[in-house]
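**Student:** Below is the structure, and that's it, no one-letter string:
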């Protein structure tokens, strides 16, 4: 029986899909944006997540300072969070510059970036393939799939949606370059790719992805080209062309590889920087065999979540791998089998490209190199699942044509599927609207999870539910006795309940088991507060000074040192410490403390200026004055 497959680089001759007029493209993009904004709107009322959002925003003094020159310099030099992503830091700093510490602002920016990614994805696919409705379906799956909620609803994952934005811009620029190669267009691709790497190194596979796109849909790899990027392969339905399609020889494969050598070099540089900044990370190290087995299983799990997006969580802990050897072996065999089939049926280019896009773009995040404590993460699928979406949409459309399924029936099925995804998305978004809700949900679906136990306890403590929080703290500690977060939380629980000796022992243990700066600083500060409660002022001073050695610009340490100096009668030193506090964190309480010290020194005008500044920025001046009076009673 004669094959009905289209020739390489061509679409099916009976295709009823063609490129849309510019106006319709813009209307569809606008609808995408509006639908995304509507479905993700509940996220704008969510708080900062008590998992990484503090490191990236709320407790990060450089970011909170806004978009200053010092912040720019710091962003390009810091390896905080064991990553080098200066563009991400600058993005968060710009948020603070514009929105302050109100989470609605950065949440909205994340949603807008996701909406822009959806629109860009549609435009790129539609322009490259000339198949509008298939491209529209891929973009709709990307917009509505619940697995992407983590990337959008988590402020700390700005790096994910922003790097995807630059990644798509680089793809669009590459299509522009492929249509008519030139230095300016090449540099445009390079700039977008570089910005993506400086946002999150997940885009490191960009040059490999381009080779797949050269195969399909660009058709640049050693074949007769039926299409150049941005041109339809055939005239719209109903219009017959009297001329045969123009064809041109594609460049040899080695030339396409050489063309991308500078981009491969950028990827190599990014990989070296990433490995260097992560070299001192203190994650629990696991054997290579565990990583390999987990990688194979995770690939299959990502596929499962693509087709059945339930039981999604912000962190999946490493399970016991001893009983997973059969699962890892079967998963690896399944991946190899599908890859062989994709190669055998490589003339079905969307299948070949989609499958190896999924496999290849997921390699940096599949866990072969350990980053963090998770076995996998939903956010890692943000780019890779595009390949699966292409396979599904192109495959479904081909089956509809081959089996002559009525248009009304196929449209109904597509609408039902998208509506179902929309409901699933709405449900998943609801889990991200509060810390207690999110971590309760995480524990329900992941089982024993010390990170979730820690974060749920912290959220309950913030709400004043100490008795509910304590069992979760104990469970977190039992799951991982050397977890600094669990030990720190239990020590603070003891401090808040007046068990000061137990609290000091807990803070000392934190300092013994971790060198992570955020934990060290918090343990030192809280230990200092505990010593003050015990009236051990010299020990408290030592703790605050030790905190400043780790973070020289910590405003809480300077404020506490000022209070100790004022208590000792050294008003000049107290005023100096309060001045540093105000410079680092200009809060109403800090200004009131400074005003009070200046008043004692007889600097009346300066004291009044500080009081006026406190009144100007305070939301509740009487409450701030009460806080100052309480602080001065140490």
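**Tutor:** Received, thanks. Predicted, not measured: the structure shown is a model, and the values here were computed from it. Residues are numbered from 1 along each chain as shown.

**Student:** On the pLDDT front, check the most centrally placed residue in the chain for me.
**Tutor:** The centre of the chain sits closest to residue 157, judged by Cα atoms, centre = their mean, with a distance of 2.1 Å. Listed pLDDT for residue 157 reads 96.

**Student:** which residue sits closest to it, ignoring its sequence neighbours?
**Tutor:** Take residue 157 and drop its neighbours on the chain: the residue closest to it by Cβ to Cβ, 6 or more residues apart in numbering is residue 151, 5.1 Å away. C-beta: built from backbone N, CA, C; applies to glycine.

**Student:** and that neighbour, what does it touch?
**Tutor:** Shown in contact with residue 151 (Cβ atoms under 8 Å, 6 or more residues apart in numbering): 110, 114, 157, 160-161, 164, 378-379, 382.

**Student:** On the pLDDT front, check residue 276 for me.
**Tutor:** At residue 276, the predicted lDDT confidence score is 87.

**Student:** quick one, phi/psi of it?
**Tutor:** phi -70, psi -50 (degrees, to the nearest 10).

**Student:** contacting residues for it?
**Tutor:** Applying Cβ under 8 Å, 6+ apart, the residues contacting residue 276 are residue 79.

**Student:** quick one on the thing from earlier: am I right that the residue nearest to the centre of the chain is in contact with residue 150?
**Tutor:** Yes. The pair residue 157 / residue 150 is scored as a contact, 6.6 Å apart, by Cβ atoms under 8 Å.

**Student:** Overlap of the contact sets of those two?
**Tutor:** Joint contacts of residue 157 and residue 150 (Cβ under 8 Å, 6+ apart) are residue 379.

**Student:** quick one: the strand or helix carrying the residue nearest to residue 157 to chain centroid distance?
**Tutor:** Take DSSP states H and E as the rule and residue 151 turns out to sit in helix 149-153. The chain centre lies 8 Å from the centre of helix 149-153; the measure is Cα atoms, centre = their mean, to the nearest Å.

**Student:** Which strands or helices does the helix or strand that it is followed by pack on?
**Tutor:** Using DSSP H and E, the next helix or strand after helix 149-153 towards the C-terminus is helix 158-179. If you count contacts as 3 or more Cβ pairs under 8 Å, 6 or more residues apart in numbering; DSSP states H and E, helix 158-179 packs onto helix 86-99, helix 104-129, helix 149-153, helix 183-197, helix 206-215.

**Student:** Next, the buried residues of helix 158-179.
**Tutor:** Neighbour-count burial for helix 158-179, counted by 16 or more other Cβ atoms under 10 Å, picks out 158-178.

**Student:** and what of stretch 442-449?
**Tutor:** Under 16+ other Cβ under 10 Å, the buried positions of stretch 442-449 are 442-443, 446, 449.

**Student:** I would like the residues contacting it, please.
**Tutor:** In contact with stretch 442-449 (Cβ under 8 Å, 6+ apart) are residues 311-317, 452-453, 456, 475, 479.

**Student:** Can you add secondary structure, pLDDT and neighbour count and give the residues you listed back as a markdown table?
**Tutor:** What follows is those, written out as a markdown table (DSSP: H, G, I helix; E, B strand; the rest coil; pLDDT from 0 to 100; neighbours: other Cβ atoms under 10 Å):
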| residue | secondary structure | pLDDT | neighbour count |
| --- | --- | --- | --- |
| 311 | coil | 92 | 13 |
| 312 | coil | 96 | 20 |
| 313 | coil | 94 | 21 |
| 314 | coil | 94 | 26 |
| 315 | coil | 91 | 21 |
| 316 | strand | 90 | 22 |
| 317 | strand | 85 | 18 |
| 452 | helix | 94 | 28 |
| 453 | helix | 94 | 28 |
| 456 | helix | 95 | 27 |
| 475 | helix | 94 | 19 |
| 479 | helix | 89 | 17 |
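
**Student:** one step back: show the average pLDDT along the helix holding residue 151.
**Tutor:** The pLDDT scores in helix 149-153 average 97.

**Student:** So which residues lie in contact with stretch 589-605, not counting its own?
**Tutor:** Stretch 589-605 has contacts (Cβ under 8 Å, 6+ apart) with 555, 559, 562-563, 566, 571-572, 574-575, 578-579, 581-582, 606-608, 610-611, 613-614, 617, 624-625, 627-628, 631-632.

**Student:** Over to stretch 568-578?
**Tutor:** Taking Cβ under 8 Å, 6+ apart as the rule, stretch 568-578 contacts 537, 558-559, 561-563, 565-566, 590, 593-594, 597-598, 600-601.

**Student:** If we use 7 Å, what do you get?
**Tutor:** 558, 561-562, 565-566, 590, 593-594, 597-598, 600-601 (Cβ atoms under 7 Å, 6 or more residues apart in numbering).

**Student:** cool, and stretch 306-322?
**Tutor:** By Cβ under 7 Å, 6+ apart, the list of residues contacting stretch 306-322 reads 51, 145-147, 150, 154, 286, 290, 293-294, 305, 374-376, 378, 385, 388, 424, 428, 438, 442, 445-446, 449, 451-452.
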